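Participant: the sequence isn't on hand, but the structure is:
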């Protein structure tokens, strides 16, 4: 199967005052389409940095990152923005929903940025909300939704452009364990429908929902195991 994502010898060094912080120290990683990967590791291990690189929110200091066989460092800002909007769906711990917009409009935003017609937006939004079981809450604002429902709306927003991969950063971090389990069931359904998922988590029981777990330590992959 063709690789969706290929990282070779990827490093990331940040300058913090007079100090150099080596966040990643030579990462090699392949991800195929429809793979379900969890990234684990202690604080400071490089999890968030790796997620930001995979999501094209940052670029490596050295090494190669190829997304769909395109070398990311060779892409223009416009091309990177297109990848982030169309190819990658982001799910955050804090939901990042617009408080004054209802669930439907929050989910619709990536389609507006992508220039999708109003009629097509309506169809895609309805399908995404139905996929996460939120079709009866389309007119509710975030303040009128439970934490689990807010995260479902965020997942629907990540899904709406039919991306190649969903990046979920601690998606259950602000939820109780029962609600977190419900969110992971929703992610499982999305994976079965054909989406690749990359999940960052501190929680072993959350990581076990994935099919593969990589463990980072000191900016290196310490272990890469199938679940």
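Facilitator: Received the coordinates, thanks. Since we're looking at a predicted model, the values are computed, not measured. Numbering: from 1, shown residues only.

Participant: which strand residues bridge the most centrally placed residue in the chain?
Facilitator: The centroid of the chain falls nearest to residue 167 when counting by Cα atoms, centre = their mean (1.1 Å). Legend: beta-bridge partners of residue 167 under DSSP bridges are residue 90, residue 198.

Participant: give me the low-pLDDT residue ranges for the chain?
Facilitator: 1 (pLDDT under 70).

Participant: how about the strands in the protein?
Facilitator: Along the chain, counting by DSSP state E, strands occupy 3-16, 19-32, 36-40, 62-67, 70-71, 88-92, 165-169, 196-200, 212-217, 220-226.

Participant: with distance to residue 48 added, can I get those in TSV?
Facilitator: (Each C-beta comes from the backbone N, C-alpha and C, glycine too.) Below are those laid out as TSV (distance: least, Cβ to Cβ, whole Å):
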stretch	distance to residue 48
strand 3-16	11
strand 19-32	8
strand 36-40	9
strand 62-67	16
strand 70-71	23
strand 88-92	11
strand 165-169	7
strand 196-200	7
strand 212-217	10
strand 220-226	15
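
Participant: how close does the residue nearest to the centre of the chain sit to residue 18?
Facilitator: Look at residue 167 and residue 18: by Cβ to Cβ, to the nearest Å, they are 32 Å apart.

Participant: and stretch 110-129, how far out from the chain middle?
Facilitator: 20 Å (Cα atoms, centre = their mean, to the nearest Å).

Participant: fine by me, thanks again.
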